[in-house]
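> quick check, what structure comes out for this input:
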Amino acid sequence: MKLFWQAYYYDGKTAQRHEVEVSASPEGLVIKKDGSSLNWHFGEIEQTQGSHEGEPLRLERGNEALIVKDPEFVKTLLESAPKHGSKFARPERARKGLYIIPAAALLTVLIAAGVYFWLMPAAISFTARHIPPSVEERLGRSYTEGVAGFIPQCSSPILTASADRILKRLEAAAPTNPYDFKLYILDDPMVNAFALPGGHIILFSGLIESTESPEELAGVMAHEMEHVLQKHSTQSMLQGLSTGLLFAVAFGDFSGVSGAAGTLGNLSYGRELEDEADRKGAELLVNSGTDPQGLIAFFERMLECECKKKEEDKTDKALSYLSTHPSSAARVESIKSHLKGTPKTKEFEPVLPDVDWKTLRSSCSEMQSDRP
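As a prediction, the model looks like this:
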């Protein structure tokens, strides 16, 4: 091991640089200058330079400074005084630090992504499953009031009463149902339907007019009811609320929720939740004695419309159901496969045997055209 090293010494009183020799001991440095010696104890020394590659080592004691250009001197310091090794940084250690910073940044990004894509959805899903039905009802009602404030409801009492009959029939067949379902028919040509927390079901008159039979409407309603029963709508709505509104809802303040009703179109579900609503909805239809082929027929027609829309490369307001309930051949086949277990002897009763559906389904539009 090299004993003496060439260095430059500054006394802190003048700008003059002195050429000196320096050696290291277990307790400090010995600096030989002009026939005299200076003793620097390691407890008094601070390293201010030399942690980066190619940079000379600079040690200071008060106003005094010592500069050693040879980077190997740090190695001598660490070997001579291992108990003081934490005071000195080698350039190799600094190079490692250059990798630590981006690695730490990448780790931070990965943690944030994990929180956003895994922890937050898991927390929201857990919260949705444990929200009391009474709170869900108030949450859904706040949204419904916001929507009903700018879209008029259907003024056809016959159609409203007929849709309520279907709703009550399905509701009676729902096992362990904690909700009091309420149906709202909005007079708008949009082909869409939404399930809101607490049992609020919104149907647009455009969707009712697009059905070929009351069994098709029952299929859509059963599908939406299962979004409520499985708490999909509550989970989706919580994800769409801002942090401030989430805290407000947690403390029972629903006053600002209705103002967020513009996000109603964002209440869409992932493939897994849609598949669950399909299966459960089909089961609900069977349990109520309603032919589940109506649900399949409606989805098949939506799938056909979806294909035409892609071919024509245009967006149609009448096909807005596809944006929030994306259809696919796989989903239709999944429902058919799930229904294969239905007993062949199962008999289904007509949903509305005493009405002319083709006339009734358009009664909202007819009532609107009759207005002055």
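
> quick one: least confident helix or strand in this protein?
Ranked by mean pLDDT, DSSP states H and E, the weakest helix or strand in the chain is helix 243-250, scoring a mean of 47.

> tell me the helix or strand right after that one.
helix 271-287 (DSSP states H and E).

> show me the contact partners of that following helix.
By Cβ atoms under 8 Å, 6 or more residues apart in numbering, the residues outside helix 271-287 that reach it are 170, 173-175, 218-219, 222-227, 229-230, 232, 269, 291-292, 294-295, 325-326, 331, 334-335, 338-339, 342, 346. From N, CA and C alone the C-beta is placed, and that goes for glycine too.

> make it 7 Å
170, 173-174, 218-219, 222-223, 225-227, 230, 232, 292, 295, 325, 331, 334-335, 338-339, 342, 346 (Cβ atoms under 7 Å, 6 or more residues apart in numbering).

> bridged to Gln153, which residues?
Beta-bridge pairing for Gln153 (DSSP bridges): Leu186.

> I'd guessed it sits against Leu183; true?
No: the pair Gln153 and Leu183 does not pass the contact test of Cβ atoms under 7 Å, sitting 10.3 Å apart.

> quick one, which of these two is more surrounded?
With neighbours defined as other Cβ atoms under 10 Å, Gln153 and Leu183 compare such that Leu183 has more, 18 against 15.

> element containing the more buried one, please.
strand 182-186.

> now that strand: average pLDDT?
For strand 182-186, the mean pLDDT works out to 94.

> try stretch 87-100
Mean predicted lDDT for stretch 87-100 stands at 61.

> for the stretch 1-150 of the chain, what spans make up the helices?
Listed in chain order, the helices of the stretch 1-150 of the chain (DSSP state H, counting those that start in this stretch) span 72-80, 91-114, 120-130, 133-148.

> which of these has the lowest mean pLDDT?
For those, mean pLDDT drops lowest on helix 91-114, to a mean of 58.

> rewinding a little: in ChimeraX, select just the buried ones from the contacts of helix 271-287.
Entered in ChimeraX, the line below selects the buried ones among these, by 16 or more other Cβ atoms under 10 Å:
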select :170,173,174,218,219,222,223,225,226,227,230,232,292,295,325,331,334,335,338,339
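
> now, the contacts of helix 271-287 that are in helices?
170, 173, 218-219, 222-223, 225-227, 232, 295, 331, 334-335, 338 (DSSP state H).

> which two of those residues have the greatest separation?
Greatest spatial distance in these: Ala173 and Arg331, 22.5 Å, computed using Cβ to Cβ.

> for stretch 55-74, measure first residue to last.
Stretch 55-74 has an end-to-end distance of 12 Å (Cα to Cα, to the nearest Å).

> how far away from the center of its chain is it?
Centroid displacement of stretch 55-74 relative to its chain, using Cα atoms, centre = their mean, to the nearest Å, is 53 Å.

> show residues contacting it.
Contacts to stretch 55-74, defined as Cβ under 7 Å, 6+ apart, come from residues 5, 7-12, 22, 31, 40, 44-50, 88, 90-91.

> buried subset of those as a PyMOL selection?
If you want just the buried ones from those in PyMOL, going by 16+ other Cβ under 10 Å, the selection is:
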select buried, resi 5+7+8+9+10+22+31+40+45+50+88+90+91
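
> per the annotation, how does the chain divide into domains?
Domains of the chain are assigned by automatic domain parsing as 5-89, 90-130, 133-369.

> hey, which of those is tucked in deepest?
Highest mean neighbour count of the domains of the chain: domain 133-369, a mean of 18 (counted as mean count of other Cβ atoms under 10 Å).

> how far does that domain sit from the chain's center?
Here the centre of domain 133-369 is set off from its chain's centre by 23 Å, with Cα atoms, centre = their mean.

> offset the numbering so it begins at 31, please.
That works, and once the first residue is 31, the last one we named lands at domain 163-399.

> least confident of the domains of the chain, on average?
When I compare the domains of the chain, domain 120-160 is least confident, with a mean of 59.

> Val188 - that's part of a helix, no?
Rather than Val, residue 188 is Ile. Yes: per DSSP: H, G, I helix; E, B strand; the rest coil, Ile188 lies within a helix segment.

> residues touching it, list them.
Residues in contact with Ile188, defined by Cβ under 7 Å, 6+ apart, are Leu390, Ser393.

> and the gap between it and Val385?
Here the criterion is Cβ to Cβ, to the nearest Å. By it, Ile188 lies 8 Å from Val385.

> one more: Lys310?
From Lys310 across to Val385, the span is 27 Å (Cβ to Cβ).

> mind checking the SS state of Ala225?
At Ala225 the chain is in strand, as set by three-state DSSP.

> which residues are in contact with it?
Ile231, Glu254, Met255, His257, Val258, Ser263.

> so can I have TSV of the residues you listed showing distance to Pro86?
Listed next are these as TSV, based on distance: Cβ to Cβ, whole Å:
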residue	distance to Pro86
Ile231	77
Glu254	74
Met255	77
His257	70
Val258	73
Ser263	68
